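Engineer: have a look at this fold, sequence not included:
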């Protein structure tokens, strides 16, 4: 099952709205993060204990957490689920939207939220367009087994062809995200388990001992997609519908959840003041609040890809000096830790 990392800041947000207790039984704590550059000395480690925290974040497997979240949703007051159902069409009117589902049900809404993922069909029907940049990479997603236990360690390793990340999950298993050149997808897809483990061992090293097995492998094309605007008439975009990021540093889901939390706060405040929650002025406040965080996170994520895949010698030297500086200068390491833990303003 695919896994994602929830930053410490995200977990605090989920605690504040009463969701975290339902998720806590199925999470794995990240107690230490190691960032390194393959073939070079640059390396920095961040430990939860240095910040008097039990964990820097937590890893959740999407299938398990999705089931628990749906159980909460079914119990939530004022929520009506139309599931399974898909969007058939949307008719936009001055005072609201009329949504037609594929089971012929019609829904009236003052505001519609596009949370249906990258290249959102709902947003597209409302005239939203996306800017796109192809990284010429694929992500290989799999769960792997290692001879040594991970002990709560997560790894981000930058290699010449793209980064790889290992997140701790149950026992001696870790969740892998390995970014590789798209031009080699056919060859990589045809590797047997032994070939795959051997190539991964060479790229990652022996920090967790021998890589002994890999589960089902899935492949995703990696592109940066950003919506030209995140609001329009009685519509707001959140998460991957608004921006789809490279998986480096695991920022995408955490950024998307900050979208959701900010939109909820903005709508709650508007409703308390007697405003129309779908009014463009209300949605503009949401968009203004989110722009700095979105721009910063996208910029950092995109910048890291270009920095660590560039083999130009001065850049290689510079980035390794930067990692060494972070390892030895607490203020620099703290800045990285704050971003890793999702301690950002929204």
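Structural biologist: Done, it's in. Just so it is clear, the structure is predicted and the values come from calculations on it, not from any experiment.
Engineer: my read: residue 185 touches residue 139, true?
Structural biologist: No. Shown here, residue 185 and residue 139 do not form a contact pair, counting by Cβ atoms under 8 Å, at 10.6 Å. (C-beta placed from N, C-alpha, C; glycine too.)
Engineer: of these two, which one has the most company?
Structural biologist: Taking neighbours as other Cβ atoms under 10 Å, residue 185 and residue 139 compare with residue 139 leading, 22 against 15.
Engineer: buried residues in the strand or helix carrying that one, which are they?
Structural biologist: Per DSSP states H and E, residue 139 falls inside strand 130-146. Neighbour-count burial for strand 130-146, counted by 16 or more other Cβ atoms under 10 Å, picks out 130, 135, 137-146.
Engineer: contacting residues around stretch 279-293?
Structural biologist: 111, 229-231, 233-236, 242, 255, 258-259, 262-263, 266-267, 270, 275-276, 344-346 (Cβ atoms under 8 Å, 6 or more residues apart in numbering).
Engineer: ok, now with 10 Å
Structural biologist: If you take Cβ atoms under 10 Å, 6 or more residues apart in numbering as the criterion, stretch 279-293 is touched by 110-111, 229-238, 242-243, 255, 258-259, 262-267, 269-271, 273, 275-277, 294, 344-346.
Engineer: before we move on, what about stretch 97-113?
Structural biologist: 80, 82, 84-93, 95-96, 122-123, 125-126, 231, 233-239, 241, 259-260, 263-264, 267, 270, 276-279, 282-283.
Engineer: now do the end-to-end distance for it.
Structural biologist: One end of stretch 97-113 to the other measures 11 Å (Cα to Cα, to the nearest Å).
Engineer: what does stretch 197-215 give?
Structural biologist: 11 Å.
Engineer: what's the offset of that stretch from the middle of its chain?
Structural biologist: Relative to its chain's centre, stretch 197-215 lies at 24 Å (Cα atoms, centre = their mean, to the nearest Å).
Engineer: now do stretch 287-302
Structural biologist: With Cα atoms, centre = their mean, you get 13 Å for stretch 287-302.
Engineer: repeat that for stretch 272-282.
Structural biologist: The mean C-alpha position of stretch 272-282 is separated from the chain mean by 29 Å, Cα atoms, centre = their mean.
Engineer: pull out the buried residues from that stretch.
Structural biologist: Those would be 277-278, 282, for stretch 272-282 by 16+ other Cβ under 10 Å.
Engineer: quick one: those residues as CSV, columns for secondary structure and distance to residue 290 too.
Structural biologist: Output for the buried residues of stretch 272-282, formatted as CSV (DSSP: H, G, I helix; E, B strand; the rest coil; distance: Cβ to Cβ, whole Å):
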residue, secondary structure, distance to residue 290
277, coil, 16
278, coil, 17
282, helix, 13
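Engineer: rebuild those as TSV, extending it with pLDDT and distance to residue 176.
Structural biologist: Shown next, in TSV, are the buried residues of stretch 272-282 (pLDDT from 0 to 100; distance: Cβ to Cβ, whole Å):
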residue	pLDDT	distance to residue 176
277	98	41
278	97	42
282	98	42
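Engineer: got the residues you listed as a markdown table, with distance to residue 336 columns?
Structural biologist: Formatted as a markdown table, the buried residues of stretch 272-282 follow (distance: Cβ to Cβ, whole Å):
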| residue | distance to residue 336 |
| --- | --- |
| 277 | 38 |
| 278 | 40 |
| 282 | 36 |
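Engineer: name the nearest of these relative to residue 118.
Structural biologist: residue 278 (24.1 Å; Cβ to Cβ).
Engineer: let's see the ChimeraX selection covering just the buried ones among the contacts of stretch 279-293.
Structural biologist: Those of the contacts of stretch 279-293 that count as buried under 16+ other Cβ under 10 Å are selected in ChimeraX with:
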select :111,230,231,232,234,235,236,237,238,242,243,255,258,259,262,263,266,267,270,277,294,344,346
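Engineer: filter the contacts of stretch 279-293 down to the ones in strands?
Structural biologist: The members of the contacts of stretch 279-293 that map onto strands under DSSP state E are 231-232, 235-237, 243.
Engineer: reformat those residues as TSV; add distance to residue 173 and pLDDT.
Structural biologist: Shown next, in TSV, are the ones in strands among the contacts of stretch 279-293 (distance: Cβ to Cβ, whole Å; pLDDT from 0 to 100):
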residue	distance to residue 173	pLDDT
231	41	98
232	43	97
235	40	98
236	38	98
237	35	98
243	30	98
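Engineer: having no further points to raise, I will conclude here.
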